[in-house]
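S.K.: Just need the structure, nothing else, for what follows:
(3 chains)
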Amino acid sequence: MSTITSRNSLVNGGTNRYEFVAGATIALSALLFALGMTALFEFVTLTDPIAGVPTVSVLGGLLVLIGIGVIGLGVSSSLELIETTPDRSAGLVAGVVFGGLWFGIGGIVAAGILGLGGAGWILPALLLGGGAFAVTTFTREDIGSTVPAGVLAILAGGVFLTGVLGPGWSYSPGSFPSDNAVTFFPSVIVPGSVLFCSLLVGWASAKAYAGFGARGRHLGAHVLIYLNALGIIAVLFGLVGFVVIKGAPTAFTEVAIGPGVGPEVSVLGLSFSLPVSWPFLMNGASVFVRVDGILPAVVGTVWLVVGAVLFAVPIAVGAAVFLAEYADEGRFTSVVEVATNGLWSTPSIVFGLFGASFLIPRFGGSKSLIAGMLTLGFMLLPLVLITSREAMLAVPDEYRDASAALGVSKWQTIRSVVLPAALPGVVTGIILGVGRIAGETAPILVTMAGGTLPAGGETVDVIGGFEFIATPPFVTNEALLQASSALPYQLYALITAGLGGPQFEDAPFTALEFAWANAFVLLTVVLSFYAIGITTRYYFRRKLNR
Amino acid sequence: MSEPSPTTETTESESTDTNDPTSTRTAATASMSGTSTTTGESEEELREEWTDYQFAGETHVAAENLDVHYGDDHALKDISIDIPSESVTALIGPSGCGKSTFLRCINRMNDRIRAAEVDGSVEVDGVEIYQDGVDLVELRKRVGMVFQQPNPFPKSIRDNVSYGPRKHGDIRTGLIDRLLGRGESDAELELVERALKRAALYDEVSDRLGDNALGLSGGQQQRLCIARALATDPDVLLMDEPASALDPIATSKIEDLITDLSEEYTVVIVTHNMQQAARISDQTAVFLTGGHLVEYDDTDKIFENPESQRVEDYISGRFG
Amino acid sequence: MNLIPRSRATDWIVDARKFVDETPTSALVALTIGTVSILSSLGLFFTASPLTSVTLLVFLVSAAYGWIRHRELTARAVTMAMTASMILILALIVVFIFVEAWPAFDVARAEVFGISVPGLRLFVQTEWAPRAAERYSLVPLIHGTVMVTLVATLVAGPLGVASALFVSEIAPAAVREVVKPGIEILAGIPSIVYGFIGFTIISPWASEQFDLVGQGTYLFVGAVVGLMALPTVVSVAEDALNSVPESMKDGSLALGTTDWQTMTTITLPAAFSGVSAAVLLGVGRAIGETMAATVMLRNSPQLPEPLYNVFYGYDTLTSAIAAQYGEATADQLSALFAAGVVLFITVMFLSIGSQLIERRMKRQLGGHE
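M.R.: Numbering: from 1, shown residues only, chains lettered A, B, ... in the order given. Here you go, the predicted structure:
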């Protein structure tokens, strides 16, 4: 074959100073990103000095520095001072992004700072945007991907350094009416633009570090994707940690362990004191108890989950058995599949509306525990069905064939071969599904909601509520037909009731603390289900792989 | 909703002869028969002179003291071999003996398998490819590979062939280039045509270069994959049982093609089929159970008068 | 020679007759009693009759009898009934929310070319004033939902696809073992907890930072909802990426392309349908998300000025239902059900759309295997 293809050396020689500059620019961008975050969340105030220099100026200086750095990298590559492998263009995507960015900057500067009214901002915006697009796409990649990013950083840094965005600066779009007014202050603009510029420059210098071209893009993209994954995990830990810090102290108020410290309970006529006293979980809320608690909501959630599971799991697993084992692919199964996936994505509030219009009139006409149970059961059905069916389909056909070859009947095969093999998957699906419905608020809001701060006496007693009567339906349960509280609903009720002020006159904590503790308990309950579900799945998968 | 199949990772690390999940079952049965017949394999000491093959041409690929581990599994043990340029070298041996692993060491495709650990040296064109700073892009441009299962991309035939050069920036067909009038559609077409002709596929597909490559027959797909590898202008062509998934007619076309290609390229081919190795290769390396290279010599010598008793047993079909 | 093609119906009758002939009489009786009793239970439940429990008992007895004497047949029949209940439930949801919503549609008739179109005024006028004027409009609610969903999609789409790429293609095994469950747990945090954090932390912060009148912005509700929709996008998109055969990726890498080139030119295009289905499902989740929006928004349906003002958030379809259901009566209640109907239809379209796309992808890649 004739050589149309380019040949480079098989081993890259290190060009040390260049790599050092590129590495330093990446590191500085990372530092700036972190600084921007701290400034955005107000851990650092912009006017406070860092080593005697106002934070704003430090940020500005660093921005200018990385801007110069990244342009330097691009230019030295372009002058072929170092050996790189740039493409002919940074590409259309980068062009559109940079073009759009500079279009926006042109518009904002023209309208907000130069004060060009009407359509006057469009021309400068178009000029800048078009210019940036042209520079990005029509020059070689090393220039195209560094210069627009670097100039942006230098511009932003220059603005901060010159003090244009001083403490007194603000901008509000004139076209917004006064009751819909928005004002932008440096306290958001500065960290925001620092974050953005550091991302851009970090990406561009990562490309430069790998010498542009295919490997440059690879590294640039990987930097962003790793950052994204890191960010999501950080948000997760941040959220959970925050709720724990805010809620745990209140939730653990006056917890005591020791024989006989807990409240008295009676089981089967025997009454004894629990060895644990946990007031927040074991009390209701009223002026008569010292530490208010959420016992009715905890018990309500437990019964909700029990009811939903008892209703939904047999039906869902049965349907999964039918779909995986008995049914042939046909119109019936495809309709079922569409219906199941449809139910899976039906919004929870729509389930709530359905429960309210279908179940409530048929269970005494008022919000009730059983309406909530069944509504959540309806929601649980598709969750369990989909995972169970997948677990059953994952059981190899060889197992079924082997069993059938021994003359074992279909149901026996299912019961003794398929179900045991699929059990881990089914159980995991149930646990994760329960975790999901245990935290649902919207459906129970319209089907079973109770009071805002139920007292201990309002705790639902389902077992004691059963009564047999002489007329149909022969068995009733007052407890099931009454409204009840539940953890997620109670949190909502607390929010709507207002979080200012103390809980009760002599309560040891405020309404806000009480709500945080409630959120903490709810989160703990739900995440325990998830943790158990994910761990079982992980465990069984490991076992399967071995 | 559903999770990725939990078995993918193990198949990847356990049986390197199969790089496609669909072929797991055949690999499983093959390895089973392999272990059952390996009991017929006699014990003997390895001798260095059996693998000390002298040839006239230049050495193109050279491995020295190469060891590969997959976790606890020692897949290749102390392999040293010099592969001459512009010839066909066949690697034969029973399943699981490390032939494919060795093949994948030459273009560092083993880097894809996270558990794989490579010690020792492999040189291509006299350059050590397991040192720091090796450009994998450049290496794989020079060392093309054809897989067991034909694996065309779900794109047009033309795009399949020109994929490598386009990705390496050697041919520009992007929107910007076309707008600026520096698009190279003609050059692309010419390249595609040349590569397809070289792979003896052009006549069959010349009128439907725009069709999806997945619509081709298995044999055509495999020749397309060869054309795709040739389009990046490699020096070495690695083939991992390229004909094992094909019918006899398609196989013979591929074999003719390989003989043809060896005039210009250094072809290293892993095969299960000993007749195939005898037909097309200039020299043959025999890997036997445990990841050892047992004997390496002219193909005629290996098949007519091998030094090793075990190789003779293997060749004559007593195991493997 | 049979010139008349046998219709589906005659086929069915023949099958049924064969079934009856082959099945023992006692089984047939149990089956009939079971079917009749479960159907009448359903009917009685509709009329809220206390006799429901009696027929339900009859069903249980017949099922128990069948279980003891004819296990194979009973297992099949019972599981089939359970399967059919999925369709039944969906049908019931459709019927009930439509019936409840009908009065609102009926009241809000408007004439177009002389034809009276029910419900049209819900979509053409913009004022929601249940107390003062008994006027209902879904326009502000739909606007709110669109704003929140747009922002949420901008968050969940790119970040979700990037995370899916990370989990399925880039991350080393050890990192994946942390990130993947982490993203799942993100889906596990109850929406009311997100809402609570939004209400107590984010909304006040936003109001202070942007000097807003009151609390509640579409921008930050959208961001929170996007975070909640993200795990859906990640898990479905990851499935799609994983279904691209490993051999295809090997083929590309062996030509000397980088991982990133392989991802953007082979893996993503091959999985494109699946990934877009993932984004669609994520959009569906965002549209249906209720509690975070209810708690963080202002709960007074109106349009912000200008319409693209994301810093003022009033109400969405879901939050209006959740916030107003308690005190709503008559037409207002009906209008809330109408909001539910709009929600339901939209989400159902998205669900069916994404299923069709996924099916297409399976067919395409199936041709390769």
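
S.K.: Going by C-alpha atoms from here, please, whenever you check contacts or count neighbours.
M.R.: OK.

S.K.: contacting residues for residue 102?
M.R.: I went with chain A, as the question did not name one. With contacts defined as Cα atoms under 8 Å, 6 or more residues apart in numbering or on different chains, the neighbours of residue A:102 are A:125, A:128, A:129, A:132.

S.K.: Actually, chain C is the one I wanted.
M.R.: Neighbour list for residue C:102: C:334, C:338 [criterion: Cα under 8 Å, 6+ apart].

S.K.: Helix, strand or coil: sort out it for me.
M.R.: helix (DSSP: H, G, I helix; E, B strand; the rest coil).

S.K.: Tell me the spacing between it and residue C:341.
M.R.: Between residue C:102 and residue C:341 the computed distance is 10 Å (Cα to Cα, to the nearest Å).

S.K.: can you check residue B:68 too?
M.R.: Distance, residue B:68 to residue C:341, using Cα to Cα: 62 Å.

S.K.: just residue A:256 next, same as before
M.R.: As judged by Cα to Cα, residue A:256 and residue C:341 stand 51 Å apart.

S.K.: higher neighbour count, these two?
M.R.: Set residue A:256 next to residue C:341 and count neighbours by other Cα atoms under 10 Å in any protein chain shown: residue C:341 wins out with 24 against 14.

S.K.: near chain A, which residues of the stretch 201-320 of chain B show up?
M.R.: Listed as neighbours of chain A in the stretch 201-320 of chain B under the rule Cα under 8 Å from any Cα of the partner chain: B:232, B:233.

S.K.: Run through the strands of the stretch 201-320 of chain B in chain order.
M.R.: Counting by DSSP state E, counting those that start in this stretch, the stretch 201-320 of chain B has strands at residues B:236-240, B:266-270, B:283-288, B:292-298.

S.K.: Would you mind pulling up the elements that the third one packs against?
M.R.: Strand B:283-288 is packed against strand B:88-92, strand B:292-298, helix B:299-304, with contacts defined by 3 or more Cα pairs under 8 Å, 6 or more residues apart in numbering or on different chains; DSSP states H and E.

S.K.: Give me the mean pLDDT for it.
M.R.: Throughout strand B:283-288, pLDDT has a mean value of 89.

S.K.: Show me how far that strand is from its chain's centre.
M.R.: In terms of Cα atoms, centre = their mean, to the nearest Å, the centre of strand B:283-288 is set 14 Å apart from its chain centre.

S.K.: so that strand versus strand B:266-270, what angle?
M.R.: What separates the directions of strand B:283-288 and strand B:266-270 is an angle of 30 degrees, with axes from the mean of the first three to the mean of the last three Cα atoms, to 10 degrees.

S.K.: Please enumerate the helices of chain B.
M.R.: Per DSSP state H, chain B has helices spanning B:8-14, B:24-38, B:99-106, B:136-142, B:157-167, B:175-179, B:185-198, B:202-205, B:218-231, B:248-261, B:274-280, B:299-304, B:309-315. These are given in chain order.

S.K.: Just give the nearest non-adjacent residue to residue A:428, would you?
M.R.: Take residue A:428 and drop its neighbours on the chain: the residue closest to it by Cα to Cα, 6 or more residues apart in numbering or on different chains is residue A:533, 5.0 Å away.

S.K.: picking up where we left off before, any idea which of the helices of chain B is most buried?
M.R.: When neighbours are counted by mean count of other Cα atoms under 10 Å in any protein chain shown, the highest per-stretch mean among those falls to helix B:218-231, a mean of 27.

S.K.: That one and chain C, are they touching?
M.R.: Yes. Residues of helix B:218-231 contacting chain C under Cα under 8 Å from any Cα: residue B:229.

S.K.: CA atoms only: put that helix into CSV for me.
M.R.: Included here for helix B:218-231 are C-alpha records, laid out as CSV according to Å, rounded to 0.1, in the frame of the first residue of the first chain:
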residue,chain,number,x,y,z
GLY,B,218,-19.5,-13.8,7.5
GLY,B,219,-16.6,-14.3,5.1
GLN,B,220,-17.1,-10.9,3.5
GLN,B,221,-17.2,-9.3,6.9
GLN,B,222,-13.9,-10.9,7.8
ARG,B,223,-12.3,-9.7,4.6
LEU,B,224,-13.7,-6.3,5.3
CYS,B,225,-12.0,-6.4,8.7
ILE,B,226,-8.8,-7.3,6.9
ALA,B,227,-9.3,-4.4,4.5
ARG,B,228,-10.0,-2.2,7.5
ALA,B,229,-6.7,-3.2,9.1
LEU,B,230,-4.8,-2.8,5.9
ALA,B,231,-6.1,0.8,5.4
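
S.K.: Which strands and helices lie in contact with that helix?
M.R.: strand B:143-146, helix B:157-167, helix B:185-198, helix B:248-261.

S.K.: still on that earlier bit, count of residues packed around the residue nearest to residue A:428?
M.R.: 23.

S.K.: Which elements pack onto the one helix or strand it maps to?
M.R.: Following DSSP states H and E, the helix or strand that holds residue A:533 is helix A:511-545. Contacts defined by 3+ Cα pairs under 8 Å, 6+ apart place helix A:511-545 against helix A:213-251, helix A:419-438, helix A:487-497, helix C:173-188, helix C:191-197.

S.K.: Let me know the next secondary structure element after the longest one.
M.R.: I take that to be helix A:213-251. Of the helices and strands lying after helix A:213-251 in sequence (DSSP H and E), the nearest is strand A:256-257.
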